[in-house]
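Asker: what would the 3D arrangement of this be:
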Amino acid sequence: MKFKNAQGINVEMDLNALLTPFVLIFLAELGDKTQICAIILSSKGSASSIFLGAMAAFLMVDGLSALLGGELLVLIPHRILGLITGLAFIFFGFISLIYKSEGLICERSGKTFVQAFSLISLMEMGDKTQIASALLAANLGNPILALIGIMLAFAAVTGIGVFLGYKILRFMPEKHLRIIASMVFIVFGFLFILETLLNIGLLP
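Answerer: From the prediction side, this is the model:
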């Protein structure tokens, strides 16, 4: 695609470097554990805080991966990261079960931002979309456009997840929602740990 800049000079914009990462990352993230995490978190807390926390995590992990060509992948051993992620999920699951005060999470938007940021950061480190982000940026030859496409895809998928999670509050009592969300977090935590220890794929 070509267009003219302010000086009237033709400039070529490679839409392939923008659209390819958007389509691939969007499809890869639909139904992924990070989208499920966004749904669960936003069903319990501030939708805007969850969205911003998740996007900050995606920008830090996947965005930097796209710009740095995947060098972040070697910073933390995969087994240690998997165990930390699993334990974090189990911890948050039990915390939700223990603290039964209504509105505990909803009233503190800062907490939901940090929770979304920390959990999704851990989940994305070493995930398929982080690797895909680095490879796409490198192969398409335009890291900036690839990054824009990647972040737009994450924004779309996370927005869908946050919207679904927010709507759940309209149809499910607080007590039931808290128990279900807590159990999902605990199950995810154990699955992360089993994946790491057994070196098998149990999660999407």
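Asker: pLDDT averaged over stretch 154-164 - what is it?
Answerer: Per-residue pLDDT over stretch 154-164 has a mean of 94.
Asker: can you show me the strands along this protein?
Answerer: For the chain, the strands defined by DSSP state E cover 2-4, 10-12.
Asker: return the backbone torsion pair for Ser46.
Answerer: Ser46 adopts backbone torsions of phi -70, psi 120, taken as degrees, to the nearest 10.
Asker: that one is in contact with Thr112, isn't it?
Answerer: Yes - Ser46 lies in contact with Thr112 (CB atoms under 8 Å); the separation is 5.1 Å. Backbone N, C-alpha and C define where each C-beta goes, glycine included.
Asker: re the thing from before, lowest average pLDDT across the strands of the chain?
Answerer: Ranked by mean pLDDT, those end with strand 10-12 at the bottom, a mean of 40.
Asker: where does the chain have its least confident helix or strand?
Answerer: Lowest by mean pLDDT, DSSP states H and E among the helices and strands of the chain is strand 10-12, with a mean of 40.
Asker: count of neighbours near Phe92?
Answerer: Using other CB atoms under 10 Å, Phe92 has 22 neighbouring residues.
Asker: how about it: what's its closest non-neighbour residue?
Answerer: Spatial nearest neighbour of Phe92, chain neighbours left out: Phe185 (5.4 Å); criterion: CB to CB, 6 or more residues apart in numbering.
Asker: which residues touch the one you found?
Answerer: For Phe185, the residues meeting the contact criterion (CB atoms under 8 Å, 6 or more residues apart in numbering) are 40, 89-90, 92-93, 96.
Asker: and those residues as a markdown table, adding distance to Ala155 and pLDDT?
Answerer: A markdown table is the format used below for the contacts of Phe185 (distance: CB to CB, whole Å; pLDDT from 0 to 100):
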| residue | distance to Ala155 | pLDDT |
| --- | --- | --- |
| Ile40 | 19 | 86 |
| Phe89 | 24 | 81 |
| Ile90 | 29 | 88 |
| Phe92 | 24 | 77 |
| Gly93 | 27 | 81 |
| Ser96 | 26 | 71 |
